[in-house]
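K.L.:
A structural model of the following input is requested.
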Amino acid sequence: TQLAVPKVVLELRDTIDEKIENLKFNIINQNYDLIPLKFNKDQILDKIYTDFKIEPNSIPEVTLGKLRNQIYWNIIFTNIFDKENRESPLINFNIKVDALTGTVLSSTKEPISTYIDNGILLDYIPNSYLLYKQSHAENNMDYEALWIYDLEKEEQNKLYSSKAKIQSAQFSPDGKWASIIEKVEDKTDLYLISIQEKIAYKINPDSYLHPKLMKWKDNKTLIFINMKNGYSNFLTYDLDKNEAKQIFKTDKNVDSFDIYGDMILFTEPRQDLTNKNIYIYDGGNKYSDGNKSIKIGEGFKISFLNDEKIIYLKNLEVENKNIFYIFDLNENKFEYKIDKNIANYMKLSKDEFIIIEQNTHNKDYTLYKFNNLEKTITPYAKINNDKLFYDSAKEKGYISTHLPYDRDEMSIIYAVDLSKSDVVNNKN
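P.N.:
Okay, here's the model as predicted:
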C-alpha cells in the first residue's frame with residue numbers, strides 16, 4: 001500500500017502579518033480517510049514495462065488521479081523504445097491504470113520514428129543523403145560496405161565494399177564524391193569514390209602510409225593528416241590536379257581539426273583529461289607565429305565560426321559539465337557561453353545552432369535551438385542520443401544506435417520526428 005496525500009489549496013481570508021514562506025500548517029489525521037492502494041508507483045511501472053515490452057531511458061511523468069470513485073495512475077512516457085516494433089522503434093506512450101485493481105483503463109502508443117536500415121551513420125548532406133556503413137560476413141570473410149540513402153526517394157544503394165575496416169567517410173560539399181579512411185592491420189589508406197561511377201581511387205602517396213583524419217575544404221580540395229616519425233603532417237589533395245602536397249607540419253599529436261580558408265584549428269590530447277590543448281595555425285598571417293602554431297586555450301569539439309571566432313566545449317571537472325563557448329580570436333577572450341551540460345552541438349548556419357544538453361538523472365538529452373545573433377536559446381525536443389543529423393526541412397533527426405534490448409548489439413538507423421518528441425521547458 002501507499003499513502004497519498006493530495007496537495008491542499010488554502011484560502012486565507014484574514015490578513016497575515018507573517019511572510020507566506022514562513023507559514024506552516026499541520027494536517028490533522030481526523031480530517032481525512034486513508035485509501036489503501038494495491039499498486040504503488042514502482043509496482044505499476046514494473047508491470048507496465050513487462051506487459052507492454054517497453055524500454056524507457058528516462059523517468060516517466062506519473063500522477064495519481066481520481067474520477068468519481070475510481071483512483072488511477074496516469075503515466076506518460078516520451079521517447080522510449082518499443083521492443084515489439086522495429087519499424088518504429090521510438091514511441092510516446094500514455095497509459096492509465098486502476099490503482100486498486102491494476103486494470104489498464106486506456107493506453108495509447110504514438111510512433112515518432114521510422115526505421116531506415118541497419119548500420120552506423122558517418123555523414124549527411126542536409127535534406128538529401130545519408131552516408132553509412134554496414135558489417136557483414138561472406139564465405140568466412142568479414143567485409144564492411146559503404147551505403148548511401150536517398151532521403152527523397154527513400155532508397156539505399158551500395159557504394160563500396162572492402163575487407164578493410166572503414167574508419168571514417170565524408171561527402172564532398174557538392175555530394176559528388178565520398179572520401180574514406182580505411183585500416184588494415186597497422187596501415188591506413190585514403191580513398192576517393194565517385195558517387196556516380198562507384199569507383200574508388202587511392203589518393204594518399206606511398207610515402208604517407210598513416211592518414212588518420214580528413215576534412216573537405218571545398219568541392220575540389222580535401223585536407224588530411226598523416227602521422228609520420230612522430231609528426232602530424234597536414235596535406236592538401238587537389239582533385240583536378242590529382243596531387244597531394246604538405247601544407248603544415250607539427251610535433252603535436254593532432255586528434256581533431258577544422259579549417260577555414262587557409263587557417264587550421266586543431267587539438268592535442270592531454271593525458272587523462274577531457275579538455276585538450278587548442279592550437280591555431282594561419283601561416284603567420286594574423287594569429288600564429290610564422291610556420292608555428294600557437295596555443296589559444298583548452299577544450300574539445302572545436303570548430304570555426306568565422307575567420308575571427310571559434311567554438312568549443314570546455315569541461316568543468318568540479319561541476320562535471322561541459323560549457324559551450326564562443327571565443328573571439330582578435331580580442332583573445334570569450335564572447336559568449338551557454339552554461340549547461342552540453343554533450344554536442346551542430347552549426348546550421350553562421351547564426352543558428354543545435355545545442356544538445358545531457359539531462360540530469362536521465363539517459364536522454366534536450367535539444368535546443370540557439371540563435372547567435374539574438375543570443376536566444378529555446379528548448380525544442382527530447383532525444384535519446386547526442387549524435388544526430390538534423391533535417392530542418394522535415395524537422396527530423398537521423399540517428400544510429402544499438403538497441404538496449406538487442407542481444408545481437410546490431411546498430412540500426414532511424415529517423416525521429418522531432419515535432420513529436422516532447423518539447424520541454426527546461427525540465428529534466
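K.L.:
in the chain, which ranges drop under the pLDDT threshold?
P.N.:
Residues of the chain meeting the criterion pLDDT under 70: 1-10, 27, 29-32, 406-409, 422-428.
K.L.:
now do 80
P.N.:
Applying pLDDT under 80 to the chain flags residues 1-18, 20-21, 25-36, 57, 205-209, 288-290, 361-362, 403-410, 422-428.
K.L.:
What's the biggest strand in it, counting residues?
P.N.:
Assignment by DSSP state E gives strand 70-82 as the longest strand of the chain.
K.L.:
Can you tell me how far residue 284 is from residue 215?
P.N.:
Relative to residue 215, residue 284 is positioned 22 Å away (CB to CB, to the nearest Å). Every C-beta, even on glycine, is put in place using the N, C-alpha and C of the backbone.
K.L.:
and the longest strand of the chain, which residues are buried?
P.N.:
Residues 72-75, 77-82 are the ones in strand 70-82 that count as buried (16 or more other CB atoms under 10 Å).
K.L.:
Extract the C-alpha set from it and format it as CSV.
P.N.:
The C-alpha trace of strand 70-82 is given here as CSV (Å, rounded to 0.1, in the frame of the first residue of the first chain):
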residue,chain,number,x,y,z
GLN,A,70,-12.1,5.4,-9.4
ILE,A,71,-8.5,6.1,-8.4
TYR,A,72,-5.9,5.7,-11.2
TRP,A,73,-2.3,6.1,-12.2
ASN,A,74,-1.8,8.3,-15.2
ILE,A,75,1.7,7.7,-16.7
ILE,A,76,3.3,9.5,-19.7
PHE,A,77,6.4,8.1,-21.4
THR,A,78,8.2,10.1,-24.0
ASN,A,79,10.9,9.0,-26.5
ILE,A,80,11.1,5.3,-25.4
PHE,A,81,11.9,2.1,-27.2
ASP,A,82,9.1,-0.3,-28.2
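K.L.:
after that strand, next one along is what?
P.N.:
Using DSSP states H and E, the helix or strand that directly follows strand 70-82 along the chain is strand 90-98.
K.L.:
Between strand 70-82 and that next one, find me the angle.
P.N.:
If you take axes from the mean of the first three to the mean of the last three CA atoms, to 10 degrees, strand 90-98 sits at 160 degrees to strand 70-82.
K.L.:
and strand 90-98, what other elements does it pack with?
P.N.:
Strand 90-98 makes packing contacts with helix 41-52, strand 70-82, strand 104-111 when contacts are defined by 3 or more CB pairs under 8 Å, 6 or more residues apart in numbering; DSSP states H and E.
K.L.:
mind listing the strands for the stretch 201-350 of the chain?
P.N.:
Taking DSSP state E, counting those that start in this stretch to define them, one finds strands in the stretch 201-350 of the chain at 211-218, 221-228, 231-238, 243-250, 256-260, 263-268, 276-281, 294-304, 309-316, 321-328, 333-338, 342-347.
K.L.:
and of these, who's closest to residue 58?
P.N.:
Within the strands of the stretch 201-350 of the chain, the stretch nearest residue 58 is strand 342-347; the backing value is 14.6 Å (CB to CB).
K.L.:
what comes up buried for stretch 122-130?
P.N.:
Applying 16+ other CB under 10 Å to stretch 122-130 flags 122-125, 129-130 as buried.
K.L.:
Repeat that for stretch 136-155.
P.N.:
144-149, 151.
K.L.:
try stretch 285-301
P.N.:
By 16+ other CB under 10 Å, the buried positions in stretch 285-301 come out as 287-288, 293, 296-301.
K.L.:
re earlier: want to try TSV for the strands of the stretch 201-350 of the chain, with distance to residue 35 as columns?
P.N.:
Converted to TSV, the strands of the stretch 201-350 of the chain look like this (distance: least, CB to CB, whole Å):
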stretch	distance to residue 35
strand 211-218	63
strand 221-228	68
strand 231-238	69
strand 243-250	71
strand 256-260	59
strand 263-268	60
strand 276-281	58
strand 294-304	52
strand 309-316	47
strand 321-328	42
strand 333-338	46
strand 342-347	43
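K.L.:
now for those strands, which one comes closest to residue 62?
P.N.:
The closest of the strands of the stretch 201-350 of the chain to residue 62 is strand 342-347. By CB to CB, the value is 26.3 Å.
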